[in-house]
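In: this one's structure only:
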């Protein structure tokens, strides 16, 4: 399982940059929402990474698959 990580950088002027790693799809927006609001709620810009546009595939347990489809 890939590690999900949020990195927060604050420069000398107080500008905050948040980076999310290990999260596929737009779930990164849900992960940073509360943090963004706690920091004032104003987002000047947003750059999405390739991970944000990646397809999310849910892992299906083998036993669950057998139950659903037989075999």
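Out: Ah, there it is. Keep in mind that this is a model prediction, so the values were computed, not measured.
In: Would you mark the buried spots in the longest helix anywhere in the chain?
Out: Ranked by residue count and defined by DSSP state H, the top helix of the chain is helix 27-38. Of the residues in helix 27-38, those buried by neighbour count under the rule 16 or more other Cβ atoms under 10 Å are 28, 32. The way it works is simple: take the backbone N, C-alpha and C, and place the C-beta from them, glycine included.
In: could you point out which element follows that helix?
Out: Going down the chain from helix 27-38, the next helix or strand is helix 62-69, by DSSP states H and E.
In: Quick check: mean pLDDT of that following helix?
Out: Helix 62-69 comes out with an average pLDDT of 75.
In: So what's the gap between that helix and the chain middle?
Out: Taking Cα atoms, centre = their mean, to the nearest Å, the mean C-alpha location of helix 62-69 is offset from the chain mean by 29 Å.
In: What helices and strands are in contact with it?
Out: Applying 3 or more Cβ pairs under 8 Å, 6 or more residues apart in numbering; DSSP states H and E, one finds that helix 62-69 contacts no other helix or strand.
In: that older thread, identify all contacting residues around the longest helix of the chain.
Out: 4, 6, 8, 18, 20, 23, 43, 51-52, 56 (Cβ atoms under 8 Å, 6 or more residues apart in numbering).
In: from these, which has minimum pLDDT?
Out: For the contacts of helix 27-38, the least confident entry is residue 56, with 72.
In: Surely it is in contact with residue 25?
Out: Yes - the pair residue 56 / residue 25 is scored as a contact, 4.1 Å apart, by Cβ atoms under 8 Å.
In: what about the residue nearest in space to the middle of the chain, distance to residue 49?
Out: The chain has residue 28 as the residue nearest its centroid, 2.4 Å off, counting by Cα atoms, centre = their mean. Between residue 28 and residue 49 the computed distance is 8 Å (Cβ to Cβ, to the nearest Å).
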